[in-house]
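In: mind folding the following:
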Amino acid sequence: PVDLDRLLVMTFTNAAAAEMRERIGKAIASRLRETPDNARLKLQAALVPHAQIQTIHSFCLSLIRNHYAGLDIDPSFRVGDEGELTLLKADVMGELLEGCYESGDEEFERFVETYGRGKTDLGIEEVIQQVYQFSVSHPWPKKWLGQCRKEFEEEGIEHFSQWGWVKFLIREVKLQMEEFGKQLEWAMEVCREPGGPEVYLPTLRDDRETVLRIGAAESFEELWERLSGAEFGRLAAARKKDIDPEKKEFASSIRNRVKKAVAKCQEQYASQTVEEMKEAMAGCAPAVRKLIDLAEDFMERYRKAKGERNLLDFGDLEHCALEILYRESQETEGPVPSAVADELSAYYEEILVDEYQDSNFVQEALLKAISGERL
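Out: A predicted model of the protein is given here:
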């Protein structure tokens, strides 16, 4: 048994939080009607208005209000509305690009040639905003941008396979191929059933070996070789009258989906040779470095503009909460949960997150801190 106020329940919208609180209240009230003398249920009913059922940003805001002393913000800050912040971003971006054009920077000109679309700045504004938004979805944005820059400047194209995003790509393909193997195994099980198209089994078995072999690649070069050489044979004709048409269609449709998905991977990752990819990456490296610089410049200008207006956005709420929940440690590498995080972790018996798959890296770091986990 856990008291309601010892649960932390996080959602992504105020409407979901309100609905959850209402449903919990109704459920407790219903149980109380059955056992009106239950003292524990009476306590839980009294705790419903005080239950910590809120959005992640409401939690962050409450945390900041209670612990703002250690933050470099004015305690009278307000959270800007979406329209106001959109206009502010547009103004900051305009000033940034105007200054770059006036400087006559050759690297900026190359960046524009690489990422520009048509006769307007929309394309380059969009890509700068994308990198900025992705950076602030990480717990420490400047550190993430620095790592991106390091891949080009220090590690060099010869270490292409060791770049973070290349490793991520390999892991992603591995997961896909593992799933394709499971789907093909499912199709094989149906083929073995009474009325199943057993004649498909040899081809499906070969297909499964193909995708699992791709998924077993340990380097990008190995992945490229196995993807580029992947082939799928033709299914044998299944004309026997005792074959169930639905099972035949089921196995065939699974195989077609897998073939299309593998073909897409081939198009994305194996349409050029590895050397051609490296050459292309080396060629665009200056433009990418400039993109990283511009995203970081935009971040600083936008932060300053918000500070002048005493505004915070939702991303700021998350990062301010991170500052409260983590501290640097001399004994360990990287930040560790703070005393505030330890206090919250000791208080809450359970932390429940609605639609957890939609959380970003910052939100996950917040949740780990208050659940007593290390990053």
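In: now the residue nearest to residue 361 when sequence neighbours are not counted: which helix or strand?
Out: Nearest non-adjacent residue to residue 361, counting by Cβ to Cβ, 6 or more residues apart in numbering: residue 138, 4.9 Å away. All C-beta spots, glycine's among them, are computed from the backbone N, C-alpha and C. Under the criterion of DSSP states H and E, residue 138 resides outside all helices and strands.
In: can you pull the contacts of residue 138?
Out: When contacts are counted by Cβ atoms under 8 Å, 6 or more residues apart in numbering, residue 138 touches 144, 361, 362.
In: tell me where the stretch 51-200 of the chain has strands.
Out: Secondary structure of the stretch 51-200 of the chain, counting by DSSP state E, counting those that start in this stretch: strands at 52-55, 78-79.
In: can you check the stretch 251-375 of the chain too?
Out: Using DSSP E, counting those that start in this stretch, the strands found in the stretch 251-375 of the chain span residues 311-312, 326-327, 336-337, 350-353.
In: out of the ones you listed, nearest to residue 38?
Out: The closest of the strands of the stretch 251-375 of the chain to residue 38 is strand 350-353. By Cβ to Cβ, the value is 21.4 Å.
In: need the residues that contact that closest one.
Out: Residues outside strand 350-353 that contact it (Cβ under 8 Å, 6+ apart) are 2, 6, 7, 8, 9, 10, 359, 367, 370, 371.
In: from these, which two are the most distant?
Out: 2 and 359 (22.9 Å).
In: between these two, which one's more packed in?
Out: Set residue 2 next to residue 359 and count neighbours by other Cβ atoms under 10 Å: residue 359 wins out with 18 against 10.
In: what pairs with the nearest residue to that one once chain neighbours are set aside across the strands?
Out: Residue nearest to residue 359 in three dimensions, not counting chain neighbours: residue 353, with 6.8 Å by Cβ to Cβ, 6+ apart. Residues in a beta bridge with residue 353, per DSSP bridges, are residue 10.
In: next, count neighbours for residue 353.
Out: As a burial measure, residue 353 scores 17 neighbours (other Cβ under 10 Å).
In: which residue ranges of the stretch 101-250 of the chain form helices?
Out: Counting by DSSP state H, counting those that start in this stretch, the stretch 101-250 of the chain has helices at residues 106-115, 122-136, 141-150, 164-192, 201-215, 220-228, 245-269.
In: for residue 28, what are its contacts?
Out: Listed by Cβ under 8 Å, 6+ apart, the contact set of residue 28 reads 41, 44, 45, 48.
In: now, these that are in strands?
Out: Judged by DSSP state E, strands contain none of these.
In: top of those residues by neighbour count?
Out: The most crowded member of the contacts of residue 28, judged by other Cβ under 10 Å, is residue 44 (21 neighbours).
In: need the contact list for that one.
Out: By Cβ under 8 Å, 6+ apart, the neighbours of residue 44 are 3, 4, 28.
In: where does the second one land on pLDDT?
Out: Reading off the confidence values, residue 4 has pLDDT 93.
In: phi, psi of it?
Out: Residue 4 adopts backbone torsions of phi -60, psi -30, taken as degrees, to the nearest 10.
In: correct me, but it touches residue 47?
Out: Yes. Counting by Cβ atoms under 8 Å, residue 4 touches residue 47, with 4.2 Å between them.
In: gap between the residue nearest to residue 359 and residue 325?
Out: Distance, residue 353 to residue 325, by Cβ to Cβ, to the nearest Å: 16 Å.
In: below-threshold pLDDT in the stretch 251-375 of the chain: ranges please.
Out: Where the stretch 251-375 of the chain drops to pLDDT under 70, the residues are 374-375.
In: phi, psi of residue 116?
Out: With angles defined as degrees, to the nearest 10, residue 116 sits at phi -70, psi 150.
In: and it, how many residues sit next to it?
Out: Count around residue 116 with other Cβ under 10 Å applied: 16.
In: please look at it and residue 124 and confirm they touch.
Out: Yes. Distance between residue 116 and residue 124: 5.4 Å, which falls inside the contact criterion (Cβ under 8 Å).
In: apart from its neighbours in sequence, what residue is nearest residue 121?
Out: Leaving aside its chain neighbours, residue 121 sits nearest to residue 97 (5.8 Å; criterion: Cβ to Cβ, 6+ apart).
In: so the one you found sits against residue 124, correct?
Out: Yes. With contact defined as Cβ under 8 Å, residue 97 reaches residue 124; the gap is 7.3 Å.
In: if I pick residue 362, what's in contact with it?
Out: Each residue near residue 362 by Cβ under 8 Å, 6+ apart is listed here: 136, 137, 138, 139, 315, 318, 319, 322.
In: what about 7 Å?
Out: The contact partners of residue 362, taken as Cβ atoms under 7 Å, 6 or more residues apart in numbering, are 137, 138, 139, 318, 319, 322.
In: tell me where the stretch 51-200 of the chain is predicted with low confidence.
Out: For the stretch 51-200 of the chain (pLDDT under 70), the answer is 154-157.
In: 90 instead, please
Out: For the stretch 51-200 of the chain, residues meeting the criterion pLDDT under 90 lie at 68-75, 104-106, 109-110, 113-123, 147-167.
In: good, we can wrap up now.
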